[in-house]
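Student: generate a structure from the sequence data that follows.
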Amino acid sequence: MVRLTQSTKPAKQKDIRRYWHLIDMKRKILGRAVPEAAKLLQGKHKVDYSPYLDSGDFVVIINAKNVIISGKKSQTKLYTSYSGYPGGLKTIRFDDLLRKNPDKLIRHAVSGMLPKNKLRDRRLARLYIFADDKYPYKDKFLSSNS
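Tutor: As a prediction, the model looks like this:
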């Protein structure tokens, strides 16, 4: 009788190593660059990826104020929020939100691309967004990532 042994060990939370990744959004299209950040936050690029574990890495996004979108969406795309009270509907255009708070714009896009489960907030906590190219995490990156 032949016994089959398990050759692949499942990943454990204590064995997960987290790396730092830098994404420069200068003159990049929002819909092309943000999925890469979502993939890194989930850990889907790793060999030992498991959907039930939070195995993602840290992501630093710089030059968020220089992101672009194609076509006339900068004038027509609207972001809405509702407070729950009568008259509490607020809308803001893409270009106004980009000028006022580019952090909120990119965080909203990345959040929409992550799975809607209990790991979402922990993954978003590892996302750091800066409007310009000044950021305090320069020492965290390996020489090949920066």
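Student: ok, residue 5 - how many residues close by?
Tutor: Burial of residue 5 is recorded as 4 neighbouring residues (other CB atoms under 10 Å). Backbone N, C-alpha and C define where each C-beta goes, glycine included.
Student: what's the helix or strand for it?
Tutor: Using DSSP states H and E, residue 5 sits within no helix or strand.
Student: now do the contacts for it.
Tutor: Residue 5 makes no contacts at all, as judged by CB atoms under 8 Å, 6 or more residues apart in numbering.
Student: quick one: contacts for residue 30?
Tutor: For residue 30, the contacting residues are 67, 68, 69, 105, 106, 109, taking CB under 8 Å, 6+ apart as the criterion.
Student: right, I mislabeled it, should have said residue 67
Tutor: The neighbourhood of residue 67, defined by CB under 8 Å, 6+ apart, consists of 25, 28, 29, 30, 33, 98, 102, 105, 106.
Student: going by distance to residue 81, which of these wins?
Tutor: Checking the contacts of residue 67 against residue 81 with CB to CB, the nearest one is residue 105 at 12.9 Å.
Student: ok, the closest one touching residue 66?
Tutor: No: Residue 105 is beyond contact range of residue 66, at 11.9 Å (criterion: CB atoms under 8 Å).
Student: more crowded one of these two?
Tutor: Each of residue 105 and residue 66 had its neighbours counted (other CB under 10 Å), and the higher figure belongs to residue 105 (23 against 16).
Student: list phi and psi for that one.
Tutor: Dihedral angles phi and psi of residue 105 (degrees, to the nearest 10) take the values phi -60, psi -50.
Student: roughly how far does it sit from residue 54?
Tutor: Counting by CB to CB, to the nearest Å, the separation of residue 105 from residue 54 is 24 Å.
Student: name the residues of the helix or strand where residue 36 lies that are buried.
Tutor: Using DSSP H and E, residue 36 falls within helix 30-42. The neighbour-count check on helix 30-42 (16 or more other CB atoms under 10 Å) flags 30, 33, 34, 36, 37, 38, 39, 40, 41, 42 as buried.
Student: who touches stretch 78-86?
Tutor: When contacts are defined by CB under 8 Å, 6+ apart, stretch 78-86 is touched by residues 88, 89, 90, 91, 92, 93, 94, 97, 105, 108.
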